[in-house]
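S.K.: Mind looking at a prediction? Sequence and model below.
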Amino acid sequence: NKPGNVFVGLVHRLDRPVGGAMVFAKTSKAASRLSETVRSRKFRKVYAAVVHGRLPAPTGSLKDFLLKDAKTNTVSVVKPGTSGAKEALLDYEVIAEADRYSLVKVELHTGRSHQIRVQMSHAGCPLYGDQKYGKGLNKPGQQIALWSVIVGVPHPITKEEIVLASLPPAEHPWNLWPEATLNALTDKES
């Protein structure tokens, strides 16, 4: 009910072909506070991904160093110590497998460009539909199977955790699994 202009601030980003839960701020002060939670890694980001193949273990962590090429808008895994490289950390849990695909829940600990896409591809399991990092396995026109399922953030004033959840659409490849399996993706405790 404040007088003046309406404000909507974007607090974090998703890659262009990715959908799901996002956080926006209603005031510039809230945007500033929420952006700080992102920088200080107090912002919880959990994604669902459908990947080609099988990961080496049902749960695990991936730690890589990523380097972005602004000219080609691509990211690659490089050796630690490479100039301009940034550390990328994520945890994953395989929720289910069907055909030659795995449904994976991914929690980001860093928010690098194309992070999940690059790290999963580097681990030998590129994302379904990813033309950039899964060439040869994906067909043009396929939608990338990456979805922001949980966003957890401290309220900018009360500091109470706000948890937003969003399920992926009921279309291929997500529909390879029953609804109950997909619902497990938004279990806020895991």
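M.R.: Now that the structure is in, tell me what you want to look at.

S.K.: what about stretch 118-135, average pLDDT?
M.R.: In this model, stretch 118-135 carries a mean pLDDT of 94.

S.K.: for the longest helix along the chain, packing partners?
M.R.: Ordering each helix of the chain by length in residues (DSSP state H) puts helix 28-39 first. Applying 3 or more CB pairs under 8 Å, 6 or more residues apart in numbering; DSSP states H and E, we find helix 28-39 packed against strand 9-10, strand 146-154. For the C-beta atoms, the positions are set from N, CA and C on the backbone; glycine is no exception.

S.K.: Roughly how far does Val118 sit from Glu179?
M.R.: For Val118, the distance to Glu179 (CB to CB, to the nearest Å) stands at 30 Å.

S.K.: Repeat that for Val51.
M.R.: Note on Val51: its distance to Glu179, by CB to CB, is 20 Å.

S.K.: any idea how far the spatially most central residue of the chain is from Phe7?
M.R.: Central residue of the chain (CA atoms, centre = their mean): Tyr47, 4.4 Å from the mean position. To Phe7, Tyr47 is 28 Å away according to CB to CB.

S.K.: what about the strands in the protein?
M.R.: 9-10, 19-20, 24-25, 44-52, 59-69, 74-78, 86-98, 101-108, 146-154, 161-165 (DSSP state E).

S.K.: Buried deepest among those strands, which one?
M.R.: With neighbours defined as mean count of other CB atoms under 10 Å, the strands of the chain peak in mean count at strand 44-52, which reaches a mean of 24.

S.K.: Kindly export that strand (C-alpha atoms) in PDB.
M.R.: Coordinates of each C-alpha in strand 44-52 appear next as PDB, following Å, rounded to 0.1, in the frame of the first residue of the first chain:
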ATOM      1  CA  ARG A  44      18.600 -22.700  -1.600                       C
ATOM      2  CA  LYS A  45      18.200 -23.800  -5.200                       C
ATOM      3  CA  VAL A  46      17.000 -27.300  -6.100                       C
ATOM      4  CA  TYR A  47      16.400 -28.500  -9.600                       C
ATOM      5  CA  ALA A  48      15.000 -31.500 -11.300                       C
ATOM      6  CA  ALA A  49      16.800 -32.800 -14.400                       C
ATOM      7  CA  VAL A  50      16.400 -35.600 -16.800                       C
ATOM      8  CA  VAL A  51      19.800 -36.900 -18.000                       C
ATOM      9  CA  HIS A  52      20.900 -39.400 -20.500                       C
END
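
S.K.: my guess is Leu146 contacts Ala49, does it?
M.R.: Yes. At 5.1 Å, Leu146 counts as touching Ala49 under the criterion of CB atoms under 8 Å.

S.K.: Tell me how far Arg44 lies from Val163.
M.R.: 8 Å.

S.K.: Give me the spatial nearest neighbour of Gln142, chain neighbours excluded.
M.R.: Among residues not flanking Gln142 along the chain, Gly129 sits closest, at 3.7 Å (CB to CB, 6 or more residues apart in numbering).

S.K.: scratch that, Arg117
M.R.: Once flanking residues are discounted, Arg117 sits nearest to Tyr133: 4.8 Å by CB to CB, 6+ apart.
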